[in-house]
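In: Any chance you can model this:
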Amino acid sequence: MTQSRIYNKLSALFIFWALLAVAMRPLRPLGVPVDARYSGGMDGGVWIRCLPMDVAKGRYHCTVYQDNSGEIRTIGNYQMNRLIWKDKREMLLKSSNDYFSLMLNGFDGVRIFLSAGYLLEPDGWIDYPFGDGSGKKVLYQNGVEIREEAYPIAK
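Out: The predicted structure follows:
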C-alpha cells in the first residue's frame, strides 16, 4: 500500500471520528453559554464553562450544566492539577494551568476530567443547586471535602 493511500485512509477515519463526535453532542439548551464545552457520550453528559480566575496558578470558576435541560449541576472554584502515578500505588497531584488547550473527558459530580491526565478539582465552596430553591454547598480544599451545608427552599 502506498504512503498516499495510507494517508487517505487515515484522513477519512479522522473525518469520520470528528463527525461522530459532533453528532453525539446534544443541542445546547437555552441558558447554557455559547462558550460552554460539551463532555459526554451516548448516555448523556454535561456542558462545562470555566472562566479564568488566576491562570498562572491554574484557578478557574466553573459552572457545570445538565446536558438536556441546561440546569446548573455545580458552580464554584476549581484548581487545575495533573494526576501522576508513583509506584502504581500512590497518586500525586502536580499543579498546572492550561485548561483551554485540553479536551474535556468527563465529570464525576465533583471533578472535571481533562485530557493528558489533567483534572480540575474543587477548591473552595461549590454550590449544588437542586432546582427547587434548595441545595447544598460543599467546602473543598484541593479536592478534599471539608464540610457540607444544606440550604432550604427560598420562601
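In: What sits closest to Ser115 if chain neighbours are left out?
Out: Met103 (4.1 Å; Cβ to Cβ, 6 or more residues apart in numbering). To be clear about C-beta, it is placed using only N, CA and C from the backbone, and glycine gets the same treatment.
In: Could I get the phi/psi values of the one you found?
Out: phi -80, psi 150 (degrees, to the nearest 10).
In: try Arg147
Out: phi -160, psi 160.
In: count of residues packed around it?
Out: 9 (other Cβ atoms under 10 Å).
In: Could you check the pLDDT of it?
Out: Per-residue pLDDT puts Arg147 at 97.
In: for the chain, which spans come out with low pLDDT?
Out: 1, 3-4, 6-24, 84-100, 153-155 (pLDDT under 70).
In: Recalculate using a threshold of 80.
Out: Applying pLDDT under 80 to the chain picks out residues 1-25, 83-102, 153-155.
In: Now do Leu104 against Gly133, distance only.
Out: According to Cβ to Cβ, to the nearest Å, Leu104 stands 29 Å off from Gly133.
In: higher neighbour count, these two?
Out: Shown here are Leu104 and Gly133; by other Cβ under 10 Å, Leu104 has more neighbours (20 against 11).
In: Now the strand or helix carrying Cys62: buried residues?
Out: Per DSSP states H and E: Cys62 is located in strand 59-66. Using 16 or more other Cβ atoms under 10 Å as the test for burial, strand 59-66 gives Arg59, Tyr60, Cys62, Thr63, Val64, Tyr65, Gln66.
In: So which elements touch that strand?
Out: strand 44-54, strand 72-86, strand 118-129 (3 or more Cβ pairs under 8 Å, 6 or more residues apart in numbering; DSSP states H and E).
In: what's in contact with it?
Out: With contacts defined as Cβ atoms under 8 Å, 6 or more residues apart in numbering, strand 59-66 is touched by 29, 31-32, 36, 46-53, 71-80, 99, 107, 112, 120, 123.
In: if we can go back for a sec, would you turn the helices and strands packed on strand 59-66 into a markdown table with distance to Lys137?
Out: Converted to a markdown table, the helices and strands packed on strand 59-66 look like this (distance: least, Cβ to Cβ, whole Å):
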| stretch | distance to Lys137 |
| --- | --- |
| strand 44-54 | 18 |
| strand 72-86 | 8 |
| strand 118-129 | 5 |
